[in-house]
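Undergrad: what's the 3D shape of this:
(3 chains, ligands or ions: 4)
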Amino acid sequence: MNPIYVDNNATTRVAPEVLEAMLPYFSDLYGNPSSMHTFGGSVGSKVRAAREQVAQLLGALPEEILFTSCGTESDSTAIYAAIRSNPEKKHIITTRVEHPAVKNLFEHLGKKGYRVTVVPVDRQGRLDLDTLYKNLSDDTAVVSVMWANNETGTIFPVEEIARKVRERGIVFHTDAVQAVGKMPITMADSAIDMLSLSGHKLHAPKGIGVLYVRKGTQFAPFLMGGHQEGGRRAGTENTASIIGMGRAAQLAMESMQDENTRVKALRDKLETELLNRVPHSMINGDPENRLPNTTSIAFEYVEGEAILLLMDQHGICASSGSACTSGSLEPSHVLRAMGVPFTAAHGSIRYSLSIYNTEEEIDFIIDKMPTIIERLRQMSPFWQR
Amino acid sequence: MNPIYVDNNATTRVAPEVLEAMLPYFSDLYGNPSSMHTFGGSVGSKVRAAREQVAQLLGALPEEILFTSCGTESDSTAIYAAIRSNPEKKHIITTRVEHPAVKNLFEHLGKKGYRVTVVPVDRQGRLDLDTLYKNLSDDTAVVSVMWANNETGTIFPVEEIARKVRERGIVFHTDAVQAVGKMPITMADSAIDMLSLSGHKLHAPKGIGVLYVRKGTQFAPFLMGGHQEGGRRAGTENTASIIGMGRAAQLAMESMQDENTRVKALRDKLETELLNRVPHSMINGDPENRLPNTTSIAFEYVEGEAILLLMDQHGICASSGSACTSGSLEPSHVLRAMGVPFTAAHGSIRYSLSIYNTEEEIDFIIDKMPTIIERLRQMSPFWQR
Amino acid sequence: MWDYTNKVKDHFLNPRNVGFIDDFDGLGEVGSLACGDALKLTFKLDEGERIADAKFQTFGCASAIASSSALTEMVKGMTLDEAAKVTNEDIADFLGGLPKEKMHCSVMGRDAMEKAIAYYRGEAEKQVEGEIVCECFGVTDRQIERAVKENG
Ligand SMILES: Cc1ncc(COP(=O)(O)O)c(C=O)c1O
Ligand SMILES: Cc1ncc(COP(=O)(O)O)c(C=O)c1O
Ligand code: FES
Ligand code: FES
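TA: Ligands and ions are numbered 1, 2, ... in the order given. Reported below is the predicted structural model:
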């Protein structure tokens, strides 16, 4: 059975063009770009080209692009760089809806003696900006706010926040893992100091990330060792994946239009039809400011894992909460932060589309979901027939 | 021109069998192993199989295997885990011949207030064990000694050191990046607490590493975030590379014999012939305890970069010092630690073979090297004809 | 993804004895919406004081549903004393095993059975031993009741 994959916020298919670009760099052109021979050195020029491609996607300079091993490493690198560059400052700010890569790091830093402000969100998942701005102080080392939420797709006004944060001379980082490739980004016009992305969310392979570091931003490496990445990230360059990342950046620019028209229309159709056909269902998140590919729908009185497993019987792949938190049945911290009622939080399903989805697939999902929910509700002690 | 690649301590060719094992996991079976659908979950069982393969290569338990993004990350993870688990201890021990991944981290920790003992080596590159043992104290948080040196191939008695260190209740880590796959290792019989390896040194791809953590060893994660790797290393699993790493571990077990007979014989032939044919040349390192694939030969009165570039003209790929430090022209810290005279240190070339090398290739190198060295010596003001 | 046995999958996909016996002899309810797990169990006795029928309603994950289904199958024909001795390990064994992290899902079944028996015997509600089923939200029962009412 061919899967119907609507779990693209968890991970994406490596684009065939990306794999093709990577293939020569495993068993044929396997040299180390740091080597003093042509065989290794020539791979170095491919790595430079990939850096330029990523810079172009972000409207940035090639020297502002750092390759890392994943989104999580980019997040850690940025946040540690900011606090190590400002060792006297002991206050840090983030939000209640961050990915665990930022959330858990801030919690750790809280235990290490940092004062942490965690900005709340409202019922639609919108940030309480007043609280954020009110808490900026001379003691603040870094503000980290995600660009788009992985579970609901809600987009946050990070450009505006970055400007206010910069006015106070504070470093601003954004986890843009879910935003990059789905919306246009121009770092040259922005006040954001550091930005994280992860290759496998935009059709590059798993195990490659990028950290944008604005020229002039104070920096301290997270991974110490060899002199790779201009001394800012040690470890032999993951050449094949870097080259794949470059190609994926190029493809993302080309498909941005499709993502924001055709894919968005498919998402809207899926959402509208499911809300129509399934009683007691509702959207989680801000329908106004939202990624074009994501919808999180709460089906009341049923439980997410059970829904996913029944969907799996039809080959439909989706998520309840983020892939990172499913595996434990704790309800998602994002939905809890938004005050989604218990009856709804447990039964929330995230559908995240990509350019590879077709209308037939969406129609198939629309057809199957009502029966799945009805079947589970028949078993539920809370469901009043 | 097909390269003659004798730079396998810098990086290796991805084995075609490894690439074949990886290929389905890019564009076809691209699911996230943490997902609640069969499409992702079934990749999880492949990841488990890879963990078992790596465990087998190391004579370890699968739950003692942690996948990271490279050797450098494994080293950092181990050393930080040890010092964070022993926050009251402020003394750390390493050697003068470590790879920058350990060396630079220890220097950094020295600046952060740790007392660092750096154990010297003798002219053959053998460790001064007395100094090491004498400095073990109740304040020592971790001892990190590489298993085999990347530049000279010298093997250190880490099993013996680990036993002595354990007697004192101190954590022992070894950077085994150059040892794994070239010599049999059985962690079950060992006193080593943590061991680092890097995939691209044994025909797995770049960008995948392993940290062995003995069951029961205190641990604190370096990369915080999602719950992957049992909460010990966050970040979406690099499934294709992990699966490739597993296959490479399997192949390494199969080729260990070939490495220690045929490859060793080729290395010995190369070495003997070059020493015979090129006057004023000598081996760096301990010829008794040495990796089967490595020889570092000093050609006096000439300079390494120039040698490498002339070799490159013939398509011969090698290194002067480690690939990580070439790129700057500082003479290698390893050769300096051994007291190799300047006249020799600058002209040292590392040849590191692999199972893919043939006798024809070695004969070709033996044929070309004398002319290359002679040509440069003709230009050298230090060379007395 | 969890490694479920074929038997778990079967009992999840084709659960036996779903429902509510209107003229029940015993009724046990455990868990709550807040936890994401809840189970309502009813049984009916025959003349010989053996369980003639048992039915369940479950709000929960696949393990919870499969465990409930398994339990109701297992207890049919048992005396109440026998049924009271069924442990969550027995339920897991019946299903060919549950992932370690999912063992607690089968506890709910045992607890509901215990409560249903106590109900029949008119005993005061027994303090149930063992693991706490869920403490995800850390909210009070009253909050939950309100939440259910508001959204019900
Ligand atoms: C001994 C040793 N340790 C650590 C490393 C670092 O490994 P990686 O480049 O995969 O991070 C290397 C190779 O570069 C090495 O030879
Ligand atoms: C918003 C966000 N940040 C960070 C990450 C972490 O990325 P990775 O798994 O590549 O480390 C993810 C995805 O898992 C994400 O969705
Ligand atoms: S002569 Fe060129 S680096 Fe010194
Ligand atoms: S019922 Fe299975 S996780 Fe709680």
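Undergrad: can you get me a residue count around A:Arg277?
TA: 14 (other C-beta atoms under 10 Å in any protein chain shown). Any C-beta I mention is one placed from the backbone N, CA and C, and that applies to glycine too.
Undergrad: how near is it to B:Asp363?
TA: 75 Å (C-beta to C-beta, to the nearest Å).
Undergrad: next up, the contacts around residue 74.
TA: No chain specified, so I'll use chain A. A:Leu66, A:Thr68, A:Ser196, A:Leu197, A:Ser198, A:Gly209, A:Val210, A:Leu211 (C-beta atoms under 8 Å, 6 or more residues apart in numbering or on different chains).
Undergrad: was after chain C, sorry
TA: So C:Met74 contacts C:Val86, C:Asp90, C:Ile91, C:Phe94 (C-beta under 8 Å, 6+ apart).
Undergrad: next, it: secondary structure please.
TA: Classification of C:Met74 using DSSP: H, G, I helix; E, B strand; the rest coil returns helix.
Undergrad: which pLDDT value belongs to it?
TA: The per-residue pLDDT reported for C:Met74 equals 96.
Undergrad: first to last residue in stretch A:102-120, what's the distance?
TA: Using C-alpha to C-alpha, to the nearest Å, one end of stretch A:102-120 lies 15 Å from the other.
Undergrad: distance from that stretch to the middle of the chain?
TA: Mean C-alpha position of stretch A:102-120 versus that of the full chain (C-alpha atoms, centre = their mean, to the nearest Å) differs by 20 Å.
Undergrad: check stretch A:227-245 too.
TA: With C-alpha atoms, centre = their mean, you get 21 Å for stretch A:227-245.
Undergrad: and stretch A:301-318, by the same measure?
TA: Worked out by C-alpha atoms, centre = their mean, stretch A:301-318 lies 23 Å from the chain centre.
Undergrad: what residues sit buried inside stretch A:252-267?
TA: A:Ala252, A:Ser255, A:Met256, A:Glu259, A:Asn260, A:Arg262, A:Val263, A:Lys264, A:Leu266, A:Arg267 (16 or more other C-beta atoms under 10 Å in any protein chain shown).
Undergrad: I should have written stretch A:138-149 there, sorry.
TA: A:Thr140, A:Ala141, A:Val142, A:Val143, A:Ser144, A:Val145, A:Met146, A:Trp147, A:Ala148, A:Asn149.
Undergrad: which stretches of chain C have low pLDDT?
TA: Applying pLDDT under 70 to chain C picks out residues C:33-36, C:124-152.
Undergrad: show me where it has strands.
TA: Along chain C, counting by DSSP state E, strands occupy C:26-32, C:37-45, C:51-59.
Undergrad: the second one packs against which elements?
TA: This points to strand C:37-45. strand C:26-32, strand C:51-59, helix C:62-75, helix C:103-121 (3 or more C-beta pairs under 8 Å, 6 or more residues apart in numbering or on different chains; DSSP states H and E).
Undergrad: what sits against C:Glu29?
TA: So C:Glu29 contacts A:Pro381, C:Ala38, C:Leu39, C:Lys40, C:Leu41, C:Ala112, C:Lys115 (C-beta under 8 Å, 6+ apart).
Undergrad: picking up where we left off before, give me the subset of the buried residues of stretch A:138-149 touching ligand 2.
TA: A:Met146 (C-beta under 6 Å from any ligand atom).
Undergrad: redo the buried residues of stretch A:138-149 as JSON lines? Include pLDDT.
TA: Shown next, in JSON lines, are those (pLDDT from 0 to 100):
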{"residue": "A:Thr140", "pLDDT": "98"}
{"residue": "A:Ala141", "pLDDT": "98"}
{"residue": "A:Val142", "pLDDT": "98"}
{"residue": "A:Val143", "pLDDT": "98"}
{"residue": "A:Ser144", "pLDDT": "98"}
{"residue": "A:Val145", "pLDDT": "98"}
{"residue": "A:Met146", "pLDDT": "98"}
{"residue": "A:Trp147", "pLDDT": "98"}
{"residue": "A:Ala148", "pLDDT": "98"}
{"residue": "A:Asn149", "pLDDT": "97"}
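Undergrad: looking at the helices and strands packed on strand C:37-45, which one is packed in the most?
TA: Most buried of the helices and strands packed on strand C:37-45, by mean neighbour count (mean count of other C-beta atoms under 10 Å in any protein chain shown): helix C:62-75, with a mean of 27.
Undergrad: can I get that helix in PDB? Just the C-alpha atoms.
TA: What follows is helix C:62-75, C-alpha atoms only, in PDB (Å, rounded to 0.1, in the frame of the first residue of the first chain):
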ATOM      1  CA  ALA C  62      -5.000   1.400  21.400                       C
ATOM      2  CA  SER C  63      -3.600  -0.500  24.500                       C
ATOM      3  CA  ALA C  64      -6.400   0.700  26.600                       C
ATOM      4  CA  ILE C  65      -9.000  -0.400  24.100                       C
ATOM      5  CA  ALA C  66      -7.400  -3.700  23.500                       C
ATOM      6  CA  SER C  67      -6.900  -4.300  27.300                       C
ATOM      7  CA  SER C  68     -10.600  -3.600  27.900                       C
ATOM      8  CA  SER C  69     -11.600  -5.900  25.200                       C
ATOM      9  CA  ALA C  70      -9.300  -8.600  26.500                       C
ATOM     10  CA  LEU C  71     -10.500  -8.200  30.100                       C
ATOM     11  CA  THR C  72     -14.200  -8.600  29.200                       C
ATOM     12  CA  GLU C  73     -13.400 -11.800  27.200                       C
ATOM     13  CA  MET C  74     -11.300 -13.200  30.100                       C
ATOM     14  CA  VAL C  75     -13.800 -12.700  32.900                       C
END
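Undergrad: what angle do that helix and strand C:51-59 make?
TA: On the basis of axes from the mean of the first three to the mean of the last three C-alpha atoms, to 10 degrees, helix C:62-75 is oriented at 170 degrees to strand C:51-59.
Undergrad: and the angle for helix C:62-75 with strand C:26-32?
TA: Using the same axes, to 10 degrees, helix C:62-75 lies at 170 degrees relative to strand C:26-32.
Undergrad: can you list the domain ranges for chain A.
TA: A:4-11+A:259-379, A:16-255 (the TED database).
Undergrad: from the contacts of A:Ser74, which is closest to ligand 4?
TA: A:Ser198 (28.5 Å; C-beta to the nearest ligand atom).
Undergrad: excluding chain neighbours, what is closest to that closest one?
TA: A:Gly71 (3.0 Å; C-beta to C-beta, 6 or more residues apart in numbering or on different chains).
Undergrad: count of neighbours near that neighbour?
TA: 32.
Undergrad: that one: what's it in contact with?
TA: A:His99, A:Ala101, A:Asp175, A:Val177, A:Ser196, A:Leu197, A:Ser198, A:Lys201, A:Gly209, B:Gly235, B:Thr236.
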